[in-house]
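Student: return atomic coordinates for the entry below.
(chains A and B)
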Amino acid sequence: DSGVTQTPKHLITATGQRVTLRCSPRSGDLSVYWYQQSLDQGLQFLIQYYNGEERAKGNILERFSAQQFPDLHSELNLSSLELGDSALYFCASSVGVTVTDTQYFGPGTRLTVL
Amino acid sequence: KNQVEQSPQSLIILEGKNCTLQCNYTVSPFSNLRWYKQDTGRGPVSLTIMTFSENTKSNGRYTATLDADTKQSSLHITASQLSDSASYICVVSNYTGTASKLTFGTGTRLQVTL
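Tutor: Numbers count the residues shown, from 1 in each chain, chains lettered A, B, ... in the order given. Down below sits the predicted model:
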């Protein structure tokens, strides 16, 4: 158990809909990262927050947005969902943003868009 | 473009045998390289991390090497066990001054059989 929690574990929805994925980082971690992992593909970095502020952006679509709240939990919002958005979405957390900070990954949310 | 390539894509070995997984990268500037183990449907777990000045790092039966000149890394697994069956992901980090950006390989899927 990494200490990172994600809810829900599974989510099934229809095209065009909007969903919100939630992540609680490990106690004491200030950085939160979101990743997408499609079937048989590598992890794609989406976005990073540090202490409530956006710190880095990866391959995140405009239909997707995220935020980190004062209590440090984070939410990833996916809208106008398409079939291709079906994937595992992982959240990770780390203490800070230095190069040697280890990212601890949550169990993931499996999103299925029908 | 920052890229991380891993080989082989998949590998089947008998329990008790050794194996070596390869990672080549073109990420620049280089900060560190990590190997992660990802069990199916679960979040990755960090095995080793190496910075520019390190060329070998061990974690139990896992030994990672790094050649920063040729931009190559390997992960050697000794005396494999059934529980080693997983995907092994090479991740290279470059620090931009404000945040770490990670480039993930697509992984090597290892299956250890009886």
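Student: surely residue B:83 is in a helix?
Tutor: Yes. Residue B:83 forms part of a helix when assessed by DSSP: H, G, I helix; E, B strand; the rest coil.
Student: find the nearest non-adjacent residue to the spatially most central residue of chain A, please.
Tutor: Closest residue to the average C-alpha location of chain A: residue A:34 at 3.0 Å, with CA atoms, centre = their mean. Using CB to CB, 6 or more residues apart in numbering or on different chains and skipping the chain neighbours, the partner closest in space to residue A:34 is residue A:46 (4.2 Å). Any C-beta I mention is one placed from the backbone N, CA and C, and that applies to glycine too.
Student: go on, residue A:28?
Tutor: Residue A:28 sits nearest to residue A:95 (CB to CB, 6+ apart), 6.6 Å away.
Student: how close does that neighbour sit to residue A:105?
Tutor: Noted for residue A:95: a distance of 15 Å to residue A:105, by CB to CB, to the nearest Å.
Student: neighbour-wise, which of the two wins?
Tutor: For residue A:95 versus residue A:105, neighbours defined as other CB atoms under 10 Å in any protein chain shown are more numerous around residue A:105 (22 against 16).
Student: and the residue in chain A that chain B sits nearest to, what are its bridge partners?
Tutor: Chain A approaches chain B most closely through residue A:105 (3.0 Å), counting by CB to the nearest CB. Beta-bridge partners recorded for residue A:105 (DSSP bridges): residue A:92.
Student: now for it: which residues touch it?
Tutor: A:2, A:4, A:35, A:90-92, B:43-45 (CB atoms under 8 Å, 6 or more residues apart in numbering or on different chains).
Student: could you give the mean pLDDT of the helix or strand where residue B:109 lies?
Tutor: Take DSSP states H and E as the rule and residue B:109 turns out to sit in strand B:108-113. The pLDDT scores in strand B:108-113 average 96.
Student: thank you kindly, that will do.
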